[in-house]
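Q: Fold the following and give me the result.
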Amino acid sequence: MKRILAATDLSERSDRAVSRALALGAALGAEVEVVTVIDHEGPDTVVDRLRRGTEDALDRLVEAAGAPAAGHRVLHGKVVDALLQHEGRCGAGLLVLGLHRPHGLFDGLRETTLERLVRMGRTPVLLVRNPAAAAYDKVLAPVSFSPACGAALRVAHAIAPGAAIATVHALEVPFGGLVQDEGGAMAAEALRKAADTAAAWAADHLPEGVALPEIAQGALREVISARLKGVDLLAIGAHTRHGLAGATLGSLAAEFLRDPPTDLLVARA
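A: Next up is the predicted model:
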């Protein structure tokens with residue numbers, strides 16, 4: 001990874017994202033650029049005053065983070081459009097962001113900025129919730145045997161090369177515990193098929209040194225919750241439908257982007 005792009009709205013939430021991006025850049029030998037976006041609409045005098053004030057604030061932020069040499073700039077336009085255009089131009093391998101600013105009731109009625117960035121962009125997104133006190137130590141990657149999950153794993157392995165990475169596939173076994181599956185034969189067959197699928201998927205997508213996915217019986221969110229202790233990075237695939245214009249995010253990705261339990265990495269195929 002040669003270039004990391006960190007976007008900030010100059011809030012405390014974004015300070016953690018900038019710190020994590022700079023720490024990753026130092027560890028990986030990657031160039032880091034810190035950007036913020038201002039709306040370019042309005043009277044010229046007002047926009048110019050806003051631009052100068054924002055540039056000064058961004059200078060102070062980067063200097064306070066201990067990396068005055070990091071590239072930083074103010075982008076103009078709508079947030080999503082400006083970031084997507086810039087990440088395409090600069091060739092970033094990772095976009096690092098702070099937590100979504102909650103808007104109460106409206107969050108349940110409309111797509112958030114983070115969701116739009118992940119849905120419309122091609123660059124993996126790292127959403128930073130926790131202080132960047134140390135390198136990532138423990139990564140959990142729920143997998144559905146999709147190319148997107150493989151992409152998330154590869155990026156997680158790249159940005160957390162020293163971390164323990166665990167992968168898990170949640171399997172809700174049909175007829176589990178019902179009389180129709182006397183002796184558990186159907187459950188055993190479902191588990192066997194899932195293990196075969198995991199092995200075939202791993203051959204193409206699993207980074208070297210990462211163990212085969214655990215096949216865990218149960219609902220996806222329950223399986224994830226039971227394994228979150230000590231996890232400081234959750235890596236998931238965006239689960240977009242490949243090749244379709246306006247593809248949608250999977251429900252798990254959208255849910256975690258709104259309220260991540262820890263730092264969250266989301267990648268598309």
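
Q: Please count neighbours and contacts with C-alpha atoms only from this point.
A: OK.

Q: Please give me every residue in contact with Leu83.
A: Val37, Leu75 (Cα atoms under 8 Å, 6 or more residues apart in numbering).

Q: measure it to Leu117 for me?
A: 8 Å (Cα to Cα, to the nearest Å).

Q: can you check Trp201 too?
A: Using Cα to Cα, we find Trp201 at a distance of 27 Å from Leu117.

Q: and if you look at Leu233?
A: 20 Å.

Q: and these two? which has more neighbours close in?
A: Leu233 (28 against 19; other Cα atoms under 10 Å).

Q: Pull out the buried positions in the helix or strand containing Asp196.
A: Asp196 belongs to helix 185-205 when elements are defined using DSSP states H and E. Neighbour counts over helix 185-205 (16 or more other Cα atoms under 10 Å) mark Met186, Ala187, Leu191, Ala194, Ala195, Ala198, Ala199, Trp201, Ala202, His205 as buried.

Q: Could you do stretch 52-59 as well?
A: So, applying 16+ other Cα under 10 Å, buried residues of stretch 52-59: Thr54, Glu55, Leu58, Asp59.

Q: and which of those is nearest to Ala6?
A: Leu58 (11.8 Å; Cα to Cα).

Q: Make sure the closest one is indeed in a helix.
A: Yes: counting by DSSP: H, G, I helix; E, B strand; the rest coil, Leu58 is located in a helix.

Q: got a list of what it touches?
A: Leu10, Thr36, His72, Arg73.

Q: Doesn't the third one belong to a helix?
A: No: according to three-state DSSP, His72 belongs to no helix; its state is strand.

Q: What residues are bridge-paired with it?
A: Val34 (DSSP bridges).

Q: Now stretch 111-118: buried residues?
A: Thr112, Leu114, Glu115, Arg116, Leu117, Val118.

Q: In helices, which of those appear?
A: Per DSSP state H, helices hold the following members of those: Leu114, Glu115, Arg116, Leu117, Val118.

Q: re the thing from before, nearest to Gly29, of the buried residues of helix 185-205?
A: His205 (24.7 Å).

Q: May I have the phi/psi pair for the nearest residue to Arg227 once chain neighbours are set aside?
A: Leaving aside its chain neighbours, Arg227 sits nearest to Leu140 (7.8 Å; criterion: Cα to Cα, 6 or more residues apart in numbering). Main-chain torsions, Leu140, degrees, to the nearest 10: phi -120, psi 130.

Q: tell me the pLDDT at His76?
A: Note on His76: pLDDT of 87.

Q: residues in contact with stretch 158-175?
A: Against stretch 158-175 from outside (Cα under 8 Å, 6+ apart): 1, 24, 28, 135-144, 157, 181, 186-187, 190-191, 194, 210-220, 223.

Q: at 7 Å what do you get?
A: 24, 136-144, 181, 187, 190, 210, 213-220, 223 (Cα atoms under 7 Å, 6 or more residues apart in numbering).

Q: Tell me the first helix or strand C-terminal of the helix holding Asp196.
A: Counting by DSSP H and E, what follows helix 185-205 is strand 214-217.

Q: could I get the very next helix or strand once past that next one in PDB with only the CA atoms?
A: For strand 214-217, the following helix or strand on the C-terminal side (DSSP H and E) is helix 220-225. Listed next in PDB are the C-alpha coordinates belonging to helix 220-225 (Å, rounded to 0.1, in the frame of the first residue of the first chain):
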ATOM      1  CA  LEU A 220     -24.700 -14.100  11.900                       C
ATOM      2  CA  ARG A 221     -24.900 -11.300  14.500                       C
ATOM      3  CA  GLU A 222     -24.900 -13.700  17.400                       C
ATOM      4  CA  VAL A 223     -21.800 -15.500  16.000                       C
ATOM      5  CA  ILE A 224     -20.000 -12.100  15.600                       C
ATOM      6  CA  SER A 225     -21.000 -10.900  19.000                       C
END
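
Q: Please compute how far helix 220-225 lies from its chain's middle.
A: 18 Å (Cα atoms, centre = their mean, to the nearest Å).

Q: Show me what counts as buried in it.
A: For helix 220-225, using 16+ other Cα under 10 Å, the buried residues are Leu220, Val223, Ile224.

Q: How about stretch 144-155?
A: In stretch 144-155, counting by 16+ other Cα under 10 Å, buried: Ser144, Phe145, Ser146, Pro147, Ala148, Cys149, Gly150, Ala151, Ala152, Leu153, Arg154, Val155.
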